[in-house]
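>>> missing the sequence, but the structure's below:
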């Protein structure tokens, strides 16, 4: 599977696939290289890893927000 094919799946299927790969004993770096991407690129599209489990950002696509000046 490529990262583009992964992104065509719905959110639950994406997490199921990625965490299933971890359950099979693969490392995050192994999974990223098999998808043809990097950990940083995965973070840019909304995936992050906590305690060896993939999770999704609640608001995907927003890497950071600009600070708002008050007053």
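Cool, got the structure. Remember, predicted model here, so these are calculated numbers, not experimental data.
>>> wait, is residue 37 part of a strand?
No: according to DSSP: H, G, I helix; E, B strand; the rest coil, the state of residue 37 is coil, so it is not within a strand.
>>> low-confidence ranges, the chain, go.
Counting by pLDDT under 70, the chain shows low-confidence ranges at 59-71.
>>> quick one, helices of it?
Counting by DSSP state H, the chain has helices at residues 3-8, 11-23, 28-35, 39-44.
>>> and the ones you listed, which is most packed in?
Highest mean neighbour count of the helices of the chain: helix 28-35, a mean of 16 (counted as mean count of other C-beta atoms under 10 Å). Quick note: C-beta positions are derived from backbone N, CA and C, even for glycine.
>>> export the helices of the chain as TSV, with columns for distance to residue 53.
Output for the helices of the chain, formatted as TSV (distance: least, C-beta to C-beta, whole Å):
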stretch	distance to residue 53
helix 3-8	16
helix 11-23	6
helix 28-35	10
helix 39-44	13
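>>> right, and the ones you listed - which one's nearest residue 55?
helix 11-23 (7.5 Å; C-beta to C-beta).
>>> residues making contact with the closest one?
Residues from elsewhere that reach helix 11-23 (C-beta atoms under 8 Å, 6 or more residues apart in numbering): 1, 6-7, 9, 28, 30-31, 34, 47, 52-56.
>>> how much space between residue 16 and residue 41?
Going from residue 16 to residue 41 by C-beta to C-beta, to the nearest Å gives 20 Å.
>>> no wait, residue 9
According to C-beta to C-beta, residue 9 stands 17 Å off from residue 41.
>>> and the residue lying closest to residue 1 once chain neighbours are set aside, how far is that from residue 58?
Closest residue to residue 1 apart from its sequence neighbours, by C-beta to C-beta, 6 or more residues apart in numbering: residue 35 at 6.6 Å. If you measure residue 35 against residue 58 using C-beta to C-beta, the figure is 22 Å.
>>> can you pull the contacts of residue 47?
Counted by C-beta under 8 Å, 6+ apart, residue 47 has contacts 14, 18, 54-57.
>>> can we see that at 10 Å?
Listed by C-beta atoms under 10 Å, 6 or more residues apart in numbering, the contact set of residue 47 reads 3, 6-7, 14-15, 18, 28, 32, 37, 39, 41, 54-57, 60.
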